[in-house]
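Novice: make a model of this:
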Amino acid sequence: MAYYTQTQTHGLIERSLDGLSRFFKALSVRYVRARIYRTSLNELNALSDREITDLGLVRSAFPALARDAAMSYQPR
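Specialist: Below you'll find the model as predicted:
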């Protein structure tokens, strides 16, 4: 009598690699967004009071503006 046994290791390996791929993609997106936030905040803080007034901004809004800039990044 013959028996056929199919192992599920192929699916397990694919799922593991897929999970790792999603993890590293999410990690890279977080890194890019953090870099955009930091760069945007540094550039806004470098503005003079006159430039800020001309743009109609207040310094207390800078973190929210930088956060919006960072969150607008969409990975390809």
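
Novice: elements contacting the one helix or strand in the chain whose mean pLDDT sits lowest?
Specialist: One helix or strand of the chain scores below all others by mean pLDDT, DSSP states H and E: helix 9-45, with a mean of 92. Using 3 or more CB pairs under 8 Å, 6 or more residues apart in numbering; DSSP states H and E, the elements in contact with helix 9-45 are helix 62-71. Heads up, the C-betas are built off the backbone N, CA and C, glycines and all.

Novice: flag every buried residue along the helix it packs on.
Specialist: 62, 66, 69-70 (16 or more other CB atoms under 10 Å).

Novice: stretch 29-45 too?
Specialist: 33, 36-37, 40-41, 44.

Novice: so which of those residues would you say is closest to residue 75?
Specialist: residue 33 (9.6 Å; CB to CB).

Novice: does that closest one touch residue 72 like I think?
Specialist: No - contact between residue 33 and residue 72 fails when scored by CB atoms under 8 Å: they sit 9.3 Å apart.

Novice: that older thread, got JSON lines for the buried residues of helix 62-71, with pLDDT too?
Specialist: JSON lines is the format used below for the buried residues of helix 62-71 (pLDDT from 0 to 100):
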{"residue": "62", "pLDDT": "98"}
{"residue": "66", "pLDDT": "98"}
{"residue": "69", "pLDDT": "97"}
{"residue": "70", "pLDDT": "97"}
